[in-house]
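Chemist: Quick one: sequence and predicted model below, then my questions.
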Amino acid sequence: MLDSPSPLLIDGRLAAGSGGTFATLNPATGEVLGEAADATAADMDAAIAAARRAFDESPWPTDLALRVRCLRQLRDALQRHADELRELTIAEVGAPRFLTYGAQLDAPVNDIGWFADLAESYAWTTDLGRAEPMGMASDRTVVREPVGVVGAITPWNFPHQINLAKLGPALAAGNTVVLKPAPDTPWCAAVLGAVIARETDIPAGVVNIVTSSDHALGAQLAEDPRVDLVSFTGSTETGRKVMRAAVPGLKRVFLELGGKSAFIVLDDADLKAACSYAAFSSVAHAGQGCALTTRILVPRDRYDEAARIIGKTLARLGAGDPADDSTICGPVISERQRDRVEGYLELAVKEGGTFAAGGGRPEGRDRGFWIEPTLVTGLDAGARTAREEIFGPVLVLLPHDGDDDAVRIANDSPYGLSGAVHGGAERARAVAARLRAGTVSVNSGVWYGADVPFGGYKQSGIGREMGVAGFEEYLETKAIAEGI
Ligand code: NAD
C-alpha cells in the first residue's frame, strides 16, 4: 500500500520530494522503518498553488454530491486497508494496539462518514423571509460556503485522528487542503495521499500532502496569502507562532493546543476505583495525549492511600511492546521527546518531588525511546512539574481541601483543555460545571466521538474540532438580500 520512500501528494500526483528523503523510525526499537519524501519550500509552494487552483476552478466547492461520494470512498478505502494501517500505526507512532481500535485509527476513519452524512443533511441555506429594512422590500437568505484553501498542520501523537479530524470536515464543507504532518509520523499522512490518489475520485489539487523534515514548511503554509484558514494542532508555543504568521493576512486560525488537565477525586468517591482509572487513563499511549488528565487531585487525608493505589497500578501496567494486545503504555515518540520527559523527571526531584512509581527508563528496554509510567508525589501545586505539559507517562499527585479548593487548583492553569471528576453524581456534576475546560469526564464518562466538539479554553486553543461546531469552523457565512 505504501512504498518506501513514501511520496508527496501534489495536484493529484504522487511525487518524490525535491529535498530527497528522510527516515521515519519505529519508536519502540529506534530502528529505521523506511524513508519519506522530504519536501522543500518549492514543493510546498506547488501544493498551495494546486489547492488554490482546485478551490477556484474545480467543481469541489460547489458539488456537494461529489464531495459526499468521495468522502465515503475514502472511508471505505481506508477501511479496506485497516489491517495494514493498524500495523503501520503501531510501528510508526508506537501506539498501543488497543488504541488503534479507537481513536488511533478505526474511529477517525469511520468518522469521515459522519462528516459526509452531516454535509448531506446540513442546512446550507436559511431563508430569513421578507422584510422592509429602510423601506426597501427584500427577500433575505443566509448561505454557508467553504472558507477556501485550508492549511492543516498536525502533530505526531494521534496522527490519523488529527489528520482526519481536519480533512473530514474541511473537505465535507467544500474546502481544499494542504496537509503538513509532523516530521515524526510522515507515513501515517503519506498513506492517506496514496489512498486518495489511487482509490478515490477526489479531484486533483483538492488534497495535497506535504511531508518534510523541516518545520519551516509549516510556517510557510501559515504565512502564505493564498491560504484562507490555518487549522493547527500542536503545542501552545507553536500555536502562538502560527497565530503571528496569520496576522498580516488576517487569516482565520483554528488552534488545538496543549493541556495539563486535572483529574479530581472528591471525598465521597470510591478512592480505589477513581485512582486506578486515573492512573490507567492518563498514561495510555505513554501520556502523549493533549487531553490526558496528568494532574490528579485527591482529598488531603487520603493522599498517601491514593499514592499507593496509583503507584501500584502504574507499576503493574509498566511500559510494554505496543504491538501486544495488553499494552497500555508504549514508548514515547523520539529521543528528543524522551530527553524532554527526562528533563522534567530531574526537575521534579529538584522541586522536592519523589517517585511513588517509575522515575526512569524501564529495565530491558535498551533500544527505542522509553520512560516508565511514573507518579510524582510531594510537589506543590505551583511547581513547574505540576503546571507544565510534559507529554510523557508522568502523573503528578496533589492534595486538595474540598470541592472549592479542587476547582481552584484545577482552574489555576494557563490551559483549559480537559478535566475529569469522580464522586457522588450531583457533586461531581457541580464540580464539572465549574471547570474552565473544553471537555470534562464525570465518573469515567467518555466524551470522545465524531459528534462531540473538542477543544480548549484559555491557552489550550481557539475553536472546536469534531461535531457540528468542528464542521462550521470550515464555513463562511454569506447573507444575500434580493430586492422585490
Ligand atoms: P509542535 O507544536 O512541535 O508541532 C506541531 C506541528 O507544527 C508539526 O507539524 C510541526 O512541524 C509544525 N510546526 C513547527 N513549527 C512551526 C511553525 N513555526 N509554524 C507552523 N508550523 C510549525 O507539536 P508536536 O510536538 O508535534 O505535538 C505535541 C503537542 O501537540 C503537545 O503540546 C500537545 O498537547 C499538542 N496537541 C494538541 C492537541 C489538541 O487537540 N489540543 C492534540 C494533539 C497534540
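Modeler: Nice, I can see it.

Chemist: Tell me how far the residue of the chain found nearest the ligand lies from V93.
Modeler: Nearest residue of the chain to the ligand: G218, at 2.3 Å (C-beta to the nearest ligand atom). C-beta coordinates here come from the backbone N, C-alpha and C atoms, glycine included. As judged by C-beta to C-beta, to the nearest Å, G218 and V93 stand 19 Å apart.

Chemist: Now the residue of the chain closest to the ligand. Nearest residue, chain neighbours left out?
Modeler: I153 (4.7 Å; C-beta to C-beta, 6 or more residues apart in numbering).

Chemist: Would you mind naming what in the stretch 101-250 of the chain lies close to the ligand?
Modeler: Residues of the stretch 101-250 of the chain lying near the ligand by C-beta under 6 Å from any ligand atom: 153-157, 162, 180-183, 215, 218-219, 222, 233-235, 238, 241-242.

Chemist: Of these, which belong to strands?
Modeler: 153, 180, 233 (DSSP state E).

Chemist: Go ahead and measure how far stretch 14-32 is from the middle of the chain.
Modeler: 22 Å (C-alpha atoms, centre = their mean, to the nearest Å).

Chemist: ok, now stretch 414-432?
Modeler: Distance, centroid of stretch 414-432 to centroid of chain: 22 Å (C-alpha atoms, centre = their mean).

Chemist: Quote the end-to-end distance of it.
Modeler: 18 Å (C-alpha to C-alpha, to the nearest Å).

Chemist: just stretch 467-477 next, same as before
Modeler: End-to-end for stretch 467-477, by C-alpha to C-alpha: 18 Å.

Chemist: How about stretch 395-407?
Modeler: Stretch 395-407 end-to-end distance (C-alpha to C-alpha) = 18 Å.

Chemist: tell me the mean pLDDT for that stretch?
Modeler: Averaging pLDDT along stretch 395-407 yields 98.

Chemist: re the thing from before, so can I have CSV of the ones in strands among the residues of the stretch 101-250 of the chain next to the ligand showing pLDDT and neighbour count?
Modeler: Output for these, formatted as CSV (pLDDT from 0 to 100; neighbours: other C-beta atoms under 10 Å):
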residue, pLDDT, neighbour count
I153, 98, 26
K180, 98, 27
T233, 98, 26
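
Chemist: quick one: contacts for L257?
Modeler: 233-236, 239, 290, 415, 417, 456, 459-461 (C-beta atoms under 8 Å, 6 or more residues apart in numbering).

Chemist: again, 10 Å this time
Modeler: 232-240, 242, 290, 389, 415-417, 455-456, 458-462 (C-beta atoms under 10 Å, 6 or more residues apart in numbering).

Chemist: What of D76?
Modeler: D76 neighbours (C-beta under 10 Å, 6+ apart): 109, 112-113, 199-200.

Chemist: Among the residues you listed, which ones are in helices?
Modeler: 109, 112-113, 199 (DSSP state H).

Chemist: Pick out the most distant pair among those residues.
Modeler: Spanning the widest gap among the ones in helices among the contacts of D76 are G113 and E199, at 15.5 Å by C-beta to C-beta.

Chemist: Could you report the pLDDT at the residue most central in space within the chain?
Modeler: For the chain, the residue whose C-alpha lies nearest the mean C-alpha position (C-alpha atoms, centre = their mean) is I162; its distance is 4.5 Å. You'll see I162 listed with a pLDDT of 98.

Chemist: still on that earlier bit, among the residues of the stretch 101-250 of the chain next to the ligand, which ones are buried?
Modeler: 153-157, 162, 180-183, 218-219, 222, 233-234, 238, 241-242 (16 or more other C-beta atoms under 10 Å).

Chemist: Tell me the residue in this structure that is farthest from the middle.
Modeler: G135 (50.4 Å).

Chemist: ok, it to A481 distance?
Modeler: G135 is 13 Å from A481, by C-beta to C-beta.

Chemist: if we can go back for a sec, now go through the residues of the stretch 101-250 of the chain next to the ligand and say which are in helices.
Modeler: Using DSSP H, these in helices are 162, 218-219, 222, 238, 241-242.

Chemist: of all those, which comes closest to A432?
Modeler: I162 (25.4 Å).

Chemist: quick one on the thing from earlier: quick one, what contacts the residue of the chain closest to the ligand?
Modeler: Here G218 is in contact with 44, 151, 153-154, 180-183, 210, 212, 230, 232, 234, 238, 241-242, 245 (C-beta under 10 Å, 6+ apart).
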